[in-house]
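Asker: Structure for this input, please:
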Amino acid sequence: MSQGAGVLPFQWLHRAAREGWIRSPHQALDEHQFQAASLDLRLGPVVYRMRSSFLPGGDPVEKKLGTLVMYDIPLAPSAVLERGHVYLIPLLEELALPPYIHAKANPKSSTGRLDIFTRVITDTQPRFDDMRSGYHGRLYLEVFSRSFTIKVHYGLSLNQLRLFAGACTLDDTALRQLYQAEPLLYDEHDQPIPLETVLFERGLFMGIDTTGGSAAIVGYKAKKNSDVIDLSSVGCYDPSAFWEPIHRTASRPLILEPEDFYILTSKEKVCVPPAYAAELMAYDPGSGELRTHYAGFFDPGFGYGRRVRRGSKAVLEVRPQDVPFLVEDGQLFCKLCLERTLETPQVTYGADLNSHYQFQTLALSKQFLPWDTP
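Answerer: Numbering: from 1, shown residues only. So this is what the prediction gives:
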């Protein structure tokens with residue numbers, strides 16, 4: 001292991017697999033799982049319907065299952081998971097981390113955009129989605145779909161894993177220095193946003209877009225009681241059966257209703273240089289009673305481009321809590337944190353990996369046809 005701290009990139013994830021830090025005893029890792037600085041995790045052969053969510057405390061996860069499992073369902077080839085129910089799925093991958101490597105997990109973009117709440121549980125760990133340095137053991141994925149009933153398959157990926165050596169998040173001083181060399185935020189005209197206008201506070205603050213630029217639709221709200229969505233399908237579903245469009249209007253403010261689920265976008269476009277990864281913070285209690293962005297990880301190269309720097313919108317998954325919430329154009333809504341990679345990845349997000357959401361604007365998950373398709 002070389003000296004230094006950082007997120008392990010593509011080539012190091014391959015090394016981690018070769019050396020057994022990440023392993024899959026029952027089905028070998030597939031090349032398509034490897035991303036620029038993350039690894040897609042896959043669902044195992046069984047799903048447990050749970051009475052409730054839980055954390056194992058000081059116990060192995062298996063010890064909790066006896067009192068909390070209601071029944072199990074084979075996941076090969078597929079199973080339907082009802083919305084509003086808690087499920088637990090053992091993953092195909094396991095970890096045997098060295099003492100200097102820790103890990104984190106988060107939902108994939110398509111998972112978050114469907115209002116599917118996922119988080120990893122590990123043995124004797126008091127936190128979701130965190131795997132302590134040196135962790136040896138299995139990974140279990142809790143799945144809770146809030147808006148839609150979904151069909152999932154054995155081997156499907158709903159979340160992803162990142163490996164870390166040491167502390168690698170940039171402080172505000174380092175973040176400003178990086179921004180001077182490589183602007184990280186761009187406006188709707190693809191121009192860098194001046195450094196002096198950006199608000200730094202343990203990350204970069206970003207606003208919400210309620211005008212849509214030249215687009216008539218500024219967001220989408222999930223419909224209730226819609227049909228089943230097969231998560232293995234791509235470009236399959238008519239979005240109007242599942243979503244209500246939110247149209248731009250000058251006469252009415254945009255008020256988000258409690259416990260409804262919305263797809264919106266950031267005002268700014270994000271540009272992540274290849275030697276860095278980024279995380280969009282999920283919730284800041286000082287910015288309002290809502291949760292923003294289930295899927296908070298951007299791989300190196302997101303919005304970067306090989307020749308032209310223009311950035312990509314951050315698509316925000318938003319669910320207000322408790323009270324109706326007024327949002328105005330440009331209102332600060334979320335915060336972007338940058339992390340160094342241990343080395344520049346050999347491949348980056350976008351053309352190298354045939355990524356779905358490079359240079360996106362407002363976009364639903366990949367299961368849906370474009371909104372204007374009959």
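Asker: quick one, phi/psi of the nearest residue to residue 330 once chain neighbours are set aside?
Answerer: Nearest non-adjacent residue to residue 330, counting by C-beta to C-beta, 6 or more residues apart in numbering: residue 207, 4.2 Å away. C-beta coordinates here come from the backbone N, C-alpha and C atoms, glycine included. Main-chain dihedrals, residue 207, degrees, to the nearest 10: phi -100, psi 180.
Asker: count of neighbours near residue 207?
Answerer: 18 (other C-beta atoms under 10 Å).
Asker: So what pairs up with it in the strands?
Answerer: As for beta bridges, residue 207 partners with residue 332 under DSSP bridges.
Asker: got the contact list for it?
Answerer: Applying C-beta atoms under 8 Å, 6 or more residues apart in numbering to residue 207 gives the contacts 266, 267, 268, 329, 330, 331, 332, 333.
Asker: if we go to 6 Å?
Answerer: For residue 207, the contact set (C-beta atoms under 6 Å, 6 or more residues apart in numbering) comprises 267, 330, 331, 332, 333.
Asker: same thing with residue 51?
Answerer: 68, 70.
Asker: Would you mind giving me the confidence score for the residue nearest to residue 330?
Answerer: On pLDDT, residue 207 comes in at 90.
Asker: just to revisit the earlier point, which one of the contacts of residue 207 has the most neighbours?
Answerer: In the contacts of residue 207, the most neighbours by other C-beta under 10 Å go to residue 333, 24 neighbours.
Asker: hang on, isn't it packed against residue 208?
Answerer: Yes - taking contacts as C-beta atoms under 6 Å, residue 333 lies within contact range of residue 208: 4.2 Å.
Asker: Quick check: neighbours shared by those two?
Answerer: When contacts are counted by C-beta under 6 Å, 6+ apart, residue 333 and residue 208 have no shared neighbour.
Asker: follow-up on the earlier one: switch the contacts of residue 207 over to JSON lines; also include distance to residue 132 and pLDDT.
Answerer: Formatted as JSON lines, the contacts of residue 207 follow (distance: C-beta to C-beta, whole Å; pLDDT from 0 to 100):
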{"residue": "267", "distance to residue 132": "37", "pLDDT": "93"}
{"residue": "330", "distance to residue 132": "39", "pLDDT": "90"}
{"residue": "331", "distance to residue 132": "37", "pLDDT": "88"}
{"residue": "332", "distance to residue 132": "33", "pLDDT": "85"}
{"residue": "333", "distance to residue 132": "31", "pLDDT": "83"}
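Asker: got JSON lines for those, with distance to residue 140 too?
Answerer: Output for the contacts of residue 207, formatted as JSON lines (distance: C-beta to C-beta, whole Å):
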{"residue": "267", "distance to residue 140": "37"}
{"residue": "330", "distance to residue 140": "40"}
{"residue": "331", "distance to residue 140": "37"}
{"residue": "332", "distance to residue 140": "35"}
{"residue": "333", "distance to residue 140": "32"}
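Asker: and of the residues you listed, the nearest to residue 73?
Answerer: Closest approach to residue 73 among the contacts of residue 207 (C-beta to C-beta): residue 333, at 37.8 Å.
Asker: mind checking which helix or strand residue 339 is in?
Answerer: strand 332-340 (DSSP states H and E).
Asker: Alpha carbons of that strand, as CSV, please.
Answerer: Written as CSV, here are the backbone C-alpha positions of strand 332-340 (Å, rounded to 0.1, in the frame of the first residue of the first chain):
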residue,chain,number,x,y,z
LEU,A,332,-29.4,27.0,-0.9
PHE,A,333,-30.4,23.4,-0.7
CYS,A,334,-27.5,21.0,-0.4
LYS,A,335,-23.7,20.9,0.1
LEU,A,336,-21.0,19.3,-2.1
CYS,A,337,-18.0,17.8,-0.4
LEU,A,338,-14.8,16.8,-2.3
GLU,A,339,-12.6,13.8,-1.5
ARG,A,340,-9.1,13.1,-2.9
